[in-house]
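mind folding the following:
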Amino acid sequence: MILEHAWLKIIPGQEEAYEAAVREALPIIESAPGCYGADLRRQVEDPTRYLLSVRWESVEAHLAFRETDLFPQWRSRTHIFYEEPGQVTHFSAPLERERR
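Residues are numbered from 1 along each chain as shown. Below you'll find the predicted structure:
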């Protein structure tokens, strides 16, 4: 499993509308094949910054989502609030630790 990390800057004054739109849109992305869930967090220091985390089976599953009919539904609800393009990266599974 991988973690998609999207660092997002929202148009100032649109934070509440954005959060409402994401609440509506999360079920869309979570219904995509290979998606294991998503969450959104607001930065404390700058309330126009958000971190979207999406758990995917693989990077390929994320890229495949962008080719489905679901992606335009997601994009139409959320991307209108972005002040600038988001920075999207992918992370591998957490470092395994020895159990005690």
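
helix, strand, or coil at Gly37?
strand (DSSP: H, G, I helix; E, B strand; the rest coil).

ugh, wrong one, Ser76
helix.

that one: neighbour count?
Here the number of neighbours of Ser76 (other C-beta atoms under 10 Å) works out to 12. No exception for glycine: its C-beta is placed from N, CA and C like everyone else's.

measure it to Ser31 for me?
16 Å (C-beta to C-beta, to the nearest Å).

where does this protein dip in pLDDT?
For the chain, no stretch has pLDDT under 70.

packing partners of the longest helix belonging to it?
In the chain, taking DSSP state H as the definition, the longest helix is helix 15-30. Using 3 or more C-beta pairs under 8 Å, 6 or more residues apart in numbering; DSSP states H and E, the elements in contact with helix 15-30 are strand 35-42, strand 49-56, helix 70-78.

give the buried residues for the first one.
Taking 16 or more other C-beta atoms under 10 Å as the neighbour-count basis, strand 35-42 is seen to contain the buried residues 35, 38, 40.

just give the closest residue to the second one, not the sequence neighbours.
Put plainly, it is Ala38. Val54 (4.2 Å; C-beta to C-beta, 6 or more residues apart in numbering).

that neighbour contacts Ala32, doesn't it?
No: if you go by C-beta atoms under 8 Å, Val54 and Ala32 don't touch, sitting 9.0 Å apart.

what residues does stretch 35-52 touch?
The contact list for stretch 35-52, computed with C-beta atoms under 8 Å, 6 or more residues apart in numbering, reads 1, 4-12, 15, 18-19, 22, 26, 29-30, 53-57, 61, 65, 83, 86.

separate out the buried members of these.
Applying 16+ other C-beta under 10 Å to those flags 4, 6, 8-10, 15, 18, 22, 26, 29, 54-56, 61, 65, 86 as buried.

need the max-distance pair from these.
Glu15 and Ala61 (29.4 Å; C-beta to C-beta).

closest one of the buried ones among the contacts of stretch 35-52 to Arg99?
After measuring the buried ones among the contacts of stretch 35-52 against Arg99 - C-beta to C-beta - the closest member comes out as Arg55, at 22.0 Å.

dig out what the closest one forms beta bridges with.
Leu3, Gly37 (DSSP bridges).
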